[in-house]
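Chemist: predicted structure and sequence below. I'll ask about it afterward.
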Amino acid sequence: MSVLEKLIIPDDLDLIKQHAKEAAESGIALLIFTGGTGLSPRDVTPEALE
């Protein structure tokens, strides 16, 4: 297994959804999102990945 891409994505609901969808459609076997802002009102990663 190797890292194919490493991205820093801003806390933007639509942008996170777009990257997750594109990765899933490309057949990536494992996709990991980690939050960099911590628990705050602007952290929308959980909602974007639902």
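Modeler: On my side now, so go ahead. Just so it is clear, the model here is predicted, and its values are computed rather than measured.

Chemist: now do the helices in this protein.
Modeler: 13-25, 45-48 (DSSP state H).

Chemist: quick one: buried residues of the last one?
Modeler: Taking 16 or more other CB atoms under 10 Å as the basis for neighbour counts, the residues of helix 45-48 that come out buried are Thr45, Ala48. For the C-beta atoms, the positions are set from N, CA and C on the backbone; glycine is no exception.

Chemist: what about it, average pLDDT?
Modeler: Mean per-residue pLDDT for helix 45-48: 88.

Chemist: please name the nearest non-neighbouring residue to His19.
Modeler: In space, His19 comes closest to Ile9 once its chain neighbours are excluded; the distance is 5.8 Å by CB to CB, 6 or more residues apart in numbering.

Chemist: no, scratch that, I was asking about Ala29
Modeler: Ala29 sits nearest to Met1 (CB to CB, 6+ apart), 7.8 Å away.

Chemist: who are the contact partners of the residue lying closest to Gly35 once chain neighbours are set aside?
Modeler: Sequence neighbours aside, Thr45 is the residue nearest to Gly35 in space, at 5.1 Å (criterion: CB to CB, 6+ apart). The neighbourhood of Thr45, defined by CB atoms under 8 Å, 6 or more residues apart in numbering, consists of Asp11, Ile16, Phe33, Gly35.
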